[in-house]
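Visitor: give the three-dimensional model of this entry:
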Amino acid sequence: MDWELVQELAADIGREIGRRWPVVDADDVSQEILTHVVENQARLTDKERGYLATVFRSIGQRYASRERDYQNLVDDQYWYTPKEVRALVRSFGLDNDQLAQMLGKKDDLQHCRVTDNLVPGRCDVMEGMKCISPRYREVVWNHLVDDQEVTDSKLLTRAVDALTTAMNRNIRKQEQTA
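Guide: Sure thing, here's the model as predicted:
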């Protein structure tokens, strides 16, 4: 097994997941991936880079999901991901009938999705929007609510990441002052 490739790929995937899941640290994700590789070395030997990247991404996302579930349990607060923030912002472009269709469709006894907490999530979006730059606010709103084309996709990604960070930071700040 090419350990240099494995370490490089684990670090890349760790950084990628660390950006998308604010609750985890990129180094922790990389360590989780490397632990899995060591434990399952026989099955992963002689696999191509693309296959390893898919496996590593899956391992990292499972780890991040477990960590977020644990944090949600411990501090009784929800950690948003950029994907969920996008869905919440898009909800501002929906009418009442469309919102009613979203509520409570994916919950069970073990998982609660952002659609189950749409009203508090939308409040968190509005609070988070106050904390990001006017340029980021405009890009997020124009693309996700008004469906305007974005000429700079990196700018949109940075804006959504900034909003995600602001929303998660605001939740923690409210908890500490309460």
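Visitor: can we go C-alpha only for contacts and neighbour counts from here?
Guide: Fine.
Visitor: longest helix in this protein, by residue count?
Guide: helix 49-75 (DSSP state H).
Visitor: mean confidence (pLDDT) on that helix, please.
Guide: In this model, helix 49-75 has a mean pLDDT of 88.
Visitor: what does stretch 153-165 give?
Guide: 94.
Visitor: list of residues touching that stretch?
Guide: With contact meaning C-alpha atoms under 8 Å, 6 or more residues apart in numbering, stretch 153-165 is reached by 19-20, 22, 80-82, 85-86, 125, 128-129, 131-132, 136-137, 139-140, 150.
Visitor: toward the C-terminus, what is the element adjacent to the longest helix of the chain?
Guide: The C-terminal neighbour of helix 49-75 among helices and strands, as given by DSSP states H and E, is helix 82-90.
Visitor: what residues sit buried inside stretch 81-88?
Guide: By neighbour count on 16 or more other C-alpha atoms under 10 Å, the buried set for stretch 81-88 is 81-82, 84-88.
Visitor: mind giving me the packing neighbours of the longest helix of the chain?
Guide: helix 3-20, helix 26-39 (3 or more C-alpha pairs under 8 Å, 6 or more residues apart in numbering; DSSP states H and E).
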